[in-house]
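1. Model the structure of this input:
(one chain, ligands or ions: 2)
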Amino acid sequence: MVAPSILSGNFADMGAEVKNMTEIGADLIHVDVMDGVFVPNLTFGFKMIKDLRPLTKTPFDVHLMITEPIRYVERFAESGADIVTVHYETGTADIADTLAKIRKSGAKCGLAVNPDTPIDSVIPYLGGLDMILVMTVFPGFGGQKFIDGSLGRIARAAELRDRYAPSALIEADGGINADNAAAIAAAGCDILVAGNAVFGAADRRAAIEHIRRAE
Ligand code: DX5
Ligand code: ZN
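-> Residues are numbered from 1 along each chain as shown. Ligands and ions are numbered 1, 2, ... in the order given. Predicted structure coming up:
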């Protein structure tokens, strides 16, 4: 599956961007929420998701790069997020409670790990997890280069999934394009996020197809 990240879209015309992504075959719409504290950048919050929700049936895959996500996950689910993903690095004290809160609110739950966090950190949370998000860049900005060595991390995440959470999906996020997509999928990734590779392409539909069919 391909999940275009609207972080690379035109913020002044997000409704049109989201409708366009649906028309050209996006499987999910990846929504990067940043608070300027957990990462050094700011994007958007619930209101954007709520206002975009009626414009498409394509599921919203909401990636929360925010501190204390437990305070906000329910509101993201209520606003129309289909998957709510929080970061392991926000602190282990309440990750289990945060994931439980997401599930209770009716959304699917994901756990994201930064490039310098061991993948095995997710093991205690795998029961009931719907998605493991393997960051393939340091979060904060679109258009960065895919970090070498991420393929082994994706493969390890897929191995853990097979063993402990067979229905969970593996998502990779950051620096993905038609050139590296085949290797990422071969490592065991189910959902490939792509920002610049889709929104920056002259032919966006072809860009999604190239990532999906990469060999
Ligand atoms: C990074 C975000 C990514 C990013 C992907 O903090 O989580 O979703 O927008 O964009 P590209 O594909 O341009 O790296
Ligand atoms: Zn993201």
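2. drop to CA atoms for contacts and neighbour counts, all remaining ones
-> Noted.
3. hang on, isn't residue 66 packed against residue 38?
-> Yes - taking CA atoms under 8 Å as the contact criterion, residue 66 and residue 38 are neighbours in contact, 5.1 Å apart.
4. what is in contact with these two at once?
-> Common neighbours of residue 66 and residue 38, counting by CA atoms under 8 Å, 6 or more residues apart in numbering, are residue 90.
5. Could you measure from the residue nearest to the spatial centre of the chain over to residue 22?
-> By CA atoms, centre = their mean, the mean C-alpha position of the chain lies nearest to residue 63, the distance being 5.0 Å. Residue 63 sits 19 Å away from residue 22, taking CA to CA, to the nearest Å as the criterion.
6. same deal with residue 34?
-> Applying CA to CA, the value for residue 34 to residue 22 is 23 Å.
7. quick one: the strands in this protein?
-> Defined through DSSP state E, the strands belonging to the chain, from first to last, are 2-4, 29-34, 60-65, 83-87, 108-113, 131-135, 169-173, 191-194.
8. which parts of this structure sit against ligand 1?
-> Residues of the chain lying close to ligand 1 by CA under 6 Å from any ligand atom are 5, 7, 32, 139-144, 173-176, 194-197.
9. Out of the residues you listed, which sit inside helices?
-> Counting by DSSP state H, those place 196-197 in helices.
10. now the residues of the chain next to ligand 1: which count as buried?
-> By the neighbour-count criterion of 16 or more other CA atoms under 10 Å, the residues of the chain next to ligand 1 include these buried positions: 5, 7, 32, 139-144, 173-176, 194-197.
11. re the thing from before, reformat the strands of the chain into JSON lines and put mean pLDDT next to each item.
-> Formatted as JSON lines, these follow (pLDDT from 0 to 100):
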{"stretch": "strand 2-4", "mean pLDDT": "98"}
{"stretch": "strand 29-34", "mean pLDDT": "98"}
{"stretch": "strand 60-65", "mean pLDDT": "99"}
{"stretch": "strand 83-87", "mean pLDDT": "98"}
{"stretch": "strand 108-113", "mean pLDDT": "98"}
{"stretch": "strand 131-135", "mean pLDDT": "99"}
{"stretch": "strand 169-173", "mean pLDDT": "98"}
{"stretch": "strand 191-194", "mean pLDDT": "98"}
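12. With distance to residue 153 as extra columns, can I get these in JSON lines?
-> Conversion of these to JSON lines gives the following (distance: least, CA to CA, whole Å):
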{"stretch": "strand 2-4", "distance to residue 153": "19"}
{"stretch": "strand 29-34", "distance to residue 153": "21"}
{"stretch": "strand 60-65", "distance to residue 153": "19"}
{"stretch": "strand 83-87", "distance to residue 153": "16"}
{"stretch": "strand 108-113", "distance to residue 153": "10"}
{"stretch": "strand 131-135", "distance to residue 153": "7"}
{"stretch": "strand 169-173", "distance to residue 153": "10"}
{"stretch": "strand 191-194", "distance to residue 153": "14"}
